[in-house]
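Visitor: Here is my input; please provide its structure:
(chains A and B)
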2 protein chains.
Amino acid sequence: MSRKAMVRPGGRSARVQASVHAAVRELEAEMGREALTVPLVAARAGVTPSTIYRRWGDLQELLSDVAVERLRPETAPQDKGSLGADLEAWAEQFLEEMSAPTGRAYIRDALLGDPDGSNAGQCSAYAAEQIDVVLDRAAGREENTPSVETVLDRVVAPIMYRILFRPEGLDTAYARQLVAGLTGSADR
Amino acid sequence: MSRKAMVRPGGRSARVQASVHAAVRELEAEMGREALTVPLVAARAGVTPSTIYRRWGDLQELLSDVAVERLRPETAPQDKGSLGADLEAWAEQFLEEMSAPTGRAYIRDALLGDPDGSNAGQCSAYAAEQIDVVLDRAAGREENTPSVETVLDRVVAPIMYRILFRPEGLDTAYARQLVAGLTGSADR
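Guide: Numbering: from 1, shown residues only, chains lettered A, B, ... in the order given. Here you go, the predicted structure:
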């Protein structure tokens, strides 16, 4: 937290961060993540290893930061015309991305090198922001909407719990069932 | 998985496991977990470091195994006379134990040193077994019961998600609200 709080956008610090993140992504693609070391990343990024140790502490914390960047949603949720359809489309995509091997690896990295919990919190904040867009749109259509926290409990939490602890049966039908249970289009 | 599958209860292998686990617990209590190393654990357990590396791979995998042992429930869920009361009591205790600093540390350890996911799966299996006891008892009283998977989705998953990703507001009222939402004693 304290280390990251010192990064000013546009300054030298931000440039170092961008080049180190890029070096991790490139080396991971070229050699696989098992081969990553701080000296290798430093050499590729054109910084000294001590710059990396000073800013990130260790490789695990650096990988956690890179993973959170990759978990940042790139597009707004689709507008399908109703709360149920929007949530279903979003949940299906979320499940698909997070349960893919790369998604699982990023979630794992984000959690592991995150002593103060700020990166895990950022992952949850990304999901909450996307859900907010869906709910605002539904409120604009004068639909009844649950709270963001309820959607996190009923849709996001079960998906993430199963990815981490109970990975069978993570398919589109499961994402739909979670949304249907929440929007009342099906009841248990 | 392959390493652990070779442990036969009662044999030398089981004795080594018990003494290594005990050494981890003792050293952690005496020195704190940051100070743990494989050679220290080996010396305390009376085995060679290579015994530990051969069986567990590294310190993180050993800590994951020890964490799962500690997350094993020690008692059956209380019988309070109804499904709602039993689930509420169980969920309150589960939230309290898992969200305490020691519980969080064990969950984290269990996830981190667990390349094949078997330890995380064991954590979920423990919760499912406890819930099964509550549901069987309720079925014996001829109450309507949800499935174990539904209780995992509606009660366990939100608690674990928030512990890992969104740790504000984890209190008894939250556990009760999750159970009430499921058993229908309160609706959103």
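Visitor: Can you name the element that comes right after the lowest-mean-pLDDT helix or strand in chain A?
Guide: In chain A, no helix or strand scores lower on mean pLDDT, DSSP states H and E than helix A:2-5, which sits at a mean of 48. For helix A:2-5, the following helix or strand on the C-terminal side (DSSP states H and E) is helix A:12-31.
Visitor: List the buried residues in the host helix or strand of A:Q130.
Guide: Using DSSP H and E, the element containing A:Q130 is helix A:118-140. Neighbour-count burial for helix A:118-140 flags A:119-124, A:127, A:130-131, A:134-135, A:137-138 (criterion: 16 or more other CB atoms under 10 Å in any protein chain shown). For the C-beta atoms, the positions are set from N, CA and C on the backbone; glycine is no exception.
Visitor: so which of the residues you listed also contact chain B?
Guide: A:120-121, A:123-124 (CB under 8 Å from any CB of the partner chain).
Visitor: In space, not sequence, find me the middle residue of chain A.
Guide: Centroid check for chain A by CA atoms, centre = their mean gives A:L71 as the closest residue, at 3.1 Å.
Visitor: From chain B, how far out is A:A35?
Guide: Going from A:A35 to chain B by CB to the nearest CB, to the nearest Å gives 16 Å.
Visitor: Find the nearest non-adjacent residue to that residue, please.
Guide: Spatial nearest neighbour of A:A35, excluding adjacent residues (CB to CB, 6 or more residues apart in numbering or on different chains): A:L27 at 7.4 Å.
Visitor: Run through the residues that contact that neighbour.
Guide: Contacts here follow CB atoms under 8 Å, 6 or more residues apart in numbering or on different chains; on that basis A:L27 touches A:35-36, A:40-41, A:44.
Visitor: measure it to B:L83 for me?
Guide: 53 Å (CB to CB, to the nearest Å).
Visitor: Next, the contact list for the closest residue to A:V156 other than its chain neighbours, please.
Guide: Nearest residue to A:V156, sequence neighbours excluded (CB to CB, 6+ apart): A:A127, at 5.1 Å. A:A127 makes contact with A:94, A:152, A:156, according to CB under 8 Å, 6+ apart.
Visitor: Can you give me the pLDDT of the second one?
Guide: This means A:L152. Among the per-residue scores, A:L152 holds a pLDDT of 98.
Visitor: Hmm, it is touching A:A128, no?
Guide: Yes - counting by CB atoms under 8 Å, A:L152 does reach A:A128; the two are 6.4 Å apart.
Visitor: which residues do these two both contact?
Guide: With CB under 8 Å, 6+ apart as the test, A:L152 and A:A128 reach no residue in common.
Visitor: Show me chain A divided up by domain.
Guide: Chain A breaks down into these domains under automatic domain parsing: A:2-57, A:73-183.
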